[in-house]
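[1] whatever this is, show me its structure:
(one chain, ligands or ions: 1)
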Amino acid sequence: LIQLYLPLNFLGIVYRELRQALTDIERMFGLLNEHREIADAPDARSLPAGQAMTIDFIGVDFAYEANRQILHAVTFSVPAGSTVAVVGHSGAGKSTLARLLFRFYDVTGGSIRINGNDLRQLTQHSLRSAIGIVPQDTVLFNDSILYNIRYGRTDASDDEVIAAARAASLHDFVSRLPEGYATRVGERGLKLSGGEKQRVAIARALLKNPPILIFDEASSALDSATEKAIQAQLELAARGRTTLVIAHRLSTIMNADRILVMDGGCIVESGTHTELVAKNGKYANMWLLQQRESAI
Ligand code: ATP
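    Numbers count the residues shown, from 1 in each chain. Have a look, this model is predicted:
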């Protein structure tokens, strides 16, 4: 019986991991139950690993459904190692940019390129290996904290997991728990706060060490100390990577190399925080509003 049990048990673990990996990413993109038709081109190439990556959106049009265009001629670059943040009202198309970069859908016009390679000519495996995601709402396994962080790179040693936890400012919190890294989290274990979960996601991303990072900032209200902490962690995680931040709070992206303001699927303004404030346009308005709200 044991001979039968072991392989079945192994298959169970593989199945659980695969399902969880999909759930994590699909949750981030709100894609559960959606039909997808993306397949590798017959002559798809691998994106060479281990190098800095520049992202280019070139005249990108996109529609989820015929007759309702969501993105209109979106053009921008994220030079290798820099951080670009996207802001705009709900429904402006911010998350759609991230979904297209991960190639959950193909563009309907224009192209997206990484180091000059059109995403449609790359294998999905090599593309997705190059991208780390810190989602708004991280899905945790009903397992130990150690396991949950190691999920970023399953062959990482305990020391590497702990180093990632330290870098994500999670280590002190975990060390104070009676069972430390063995503490179970998730459904039947310790419930983590939104900020703690996001730090688990950052630790996972640091462990995976991808050249491209997508950071989807949680939209829920945070106290200003947590906000500052997340800003510091984001900057740390983004160091040396090409980073796209979907931002809900302007204060966390003030130091981004470039900020894109989206409205109705178009980029309507772009520049640094200082340039955009001086411009007195949409961004300056949003900034003023957030300043007022945080003063209340
Ligand atoms: P938020 O800040 O609320 O997350 P967002 O700027 O990220 O908003 P997107 O999620 O990119 O906005 O959505 C842009 C538009 O695309 C919205 O009008 C939305 O209704 C539409 N949309 C998003 N996902 C789908 C989908 N799967 N099918 C059809 N339309 C969609």
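
[2] count of neighbours near residue 194?
    14 (other C-beta atoms under 10 Å). No exception for glycine: its C-beta is placed from N, CA and C like everyone else's.

[3] wait, it touches residue 227, no?
    No. The criterion here is C-beta atoms under 8 Å, and residue 194 misses it with residue 227 at 12.0 Å.

[4] what's the span of stretch 183-199 from first residue to last?
    The straight-line separation of the ends of stretch 183-199 (C-alpha to C-alpha, to the nearest Å) is 16 Å.

[5] what sits up against that stretch?
    134, 137-138, 140-145, 148, 168-170, 173-174, 177, 200, 218, 220, 222, 226, 229-230, 233 (C-beta atoms under 8 Å, 6 or more residues apart in numbering).

[6] in PyMOL, how would I select just the buried ones from the residues you listed?
    To isolate the buried members of the contacts of stretch 183-199 in PyMOL, using 16 or more other C-beta atoms under 10 Å:
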select buried, resi 134+138+140+141+143+144+145+148+168+169+170+174+200+218+222+229+230+233
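
[7] in which helix or strand does residue 133 reside?
    Remark: residue 133 resides in strand 131-134, with elements defined by DSSP states H and E.

[8] direction included, what does that strand pair against?
    Using DSSP bridges, strand 131-134 pairs in its sheet with strand 212-216 (parallel).

[9] close to the ligand, is the strand it pairs with?
    No. Judged by C-beta under 6 Å from any ligand atom, strand 212-216 stays clear of the ligand, getting no closer than 8.5 Å.

[10] so how far is that strand from its chain's centroid?
    Here strand 212-216 shows a centroid-to-chain-centroid distance of 3 Å under the convention C-alpha atoms, centre = their mean, to the nearest Å.

[11] name the residues of the next helix or strand after it that are buried.
    The helix or strand immediately downstream of strand 212-216 is helix 224-238, counting by DSSP H and E. Across helix 224-238, burial judged by 16+ other C-beta under 10 Å covers 227, 229, 230, 231, 233, 234, 237, 238.

[12] contacting residues for the nearest residue to the second one once chain neighbours are set aside?
    Looking back up the chat, that one is residue 229. The spatially closest residue to residue 229, leaving aside those adjacent along the chain, is residue 169, at 6.5 Å (C-beta to C-beta, 6 or more residues apart in numbering). Counting by C-beta under 8 Å, 6+ apart, residue 169 makes contact with 199, 229, 232, 233.

[13] mind listing what's buried in the helix or strand containing residue 70?
    Residue 70 belongs to strand 68-78 when assigned by DSSP H and E. Going by neighbour count (16+ other C-beta under 10 Å), the buried part of strand 68-78 is 70, 71, 74, 76, 78.

[14] stretch 41-55 now?
    Buried, per 16+ other C-beta under 10 Å, within stretch 41-55: 44, 47, 53, 54, 55.

[15] for the third one, list the residues it contacts.
    I take that to be residue 53. By C-beta under 8 Å, 6+ apart, the neighbours of residue 53 are 47, 80, 114, 115, 130, 211, 212, 242.

[16] is it true that the third one touches residue 47?
    To tie it back to what came earlier, the one meant is residue 114. Yes. Taking C-beta under 8 Å as the definition, residue 114 is a contact partner of residue 47 at 6.2 Å.

[17] what touches both of those two?
    In contact with both residue 114 and residue 47: 53, 122, 127, 130, using C-beta under 8 Å, 6+ apart.

[18] of those residues, just say which sits nearest to residue 85.
    residue 53 (17.6 Å; C-beta to C-beta).

[19] run through the residues of the protein sitting next to the ligand.
    So the chain meets the ligand at 64, 65, 70, 88, 90, 91, 92, 93, 94, 95, 96 (C-beta under 6 Å from any ligand atom).

[20] how about these in JSON lines, adding pLDDT?
    Formatted as JSON lines, these follow (pLDDT from 0 to 100):
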{"residue": "64", "pLDDT": "95"}
{"residue": "65", "pLDDT": "92"}
{"residue": "70", "pLDDT": "96"}
{"residue": "88", "pLDDT": "93"}
{"residue": "90", "pLDDT": "89"}
{"residue": "91", "pLDDT": "91"}
{"residue": "92", "pLDDT": "93"}
{"residue": "93", "pLDDT": "94"}
{"residue": "94", "pLDDT": "94"}
{"residue": "95", "pLDDT": "91"}
{"residue": "96", "pLDDT": "94"}
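
[21] lovely, talk soon.
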